[in-house]
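Engineer: Would you be able to build a 3D model of this:
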Amino acid sequence: MNLFGDGGALWSVITILGPLVLGAALAFALIRNRRMTRAQEELSERATREMKIESARAEGADGAAERLERQP
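Structural biologist: Got it, this is the predicted structure:
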């Protein structure tokens, strides 16, 4: 016994519920990740600066690395 007959009803359910589930997931993600705290922003900025310095040193651009280290 086939619950959805020839499959047309199944596609109707998927077509309606799919966007609703996707929208709910996007809304949840946006609400959850809306803003970083100041501590999170500072940590992110510090980590980015350290990665840039490390990258400049690896490329042999010591002058650039030193300039990046002096930035606040």
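Engineer: domain ranges for the chain?
Structural biologist: As assigned by automatic domain parsing, the chain contains the domains 1-34, 36-72.
Engineer: Which SSE is immediately downstream of the host helix or strand of Leu17?
Structural biologist: Following DSSP states H and E, the helix or strand that holds Leu17 is helix 8-32. Following helix 8-32 in sequence order, the next helix or strand is helix 38-58 (DSSP H and E).
Engineer: Just the buried positions in that next one, please.
Structural biologist: Going by neighbour count (16 or more other CB atoms under 10 Å), the buried part of helix 38-58 is Ile53, Ala56. For every residue, glycine as well, the C-beta is placed using N, CA and C.
Engineer: from here on, count from 56
Structural biologist: That works, and once the first residue is 56, the last one we named lands at helix 93-113.
Engineer: any idea of the mean pLDDT for that helix?
Structural biologist: Averaging pLDDT along helix 93-113 yields 89.
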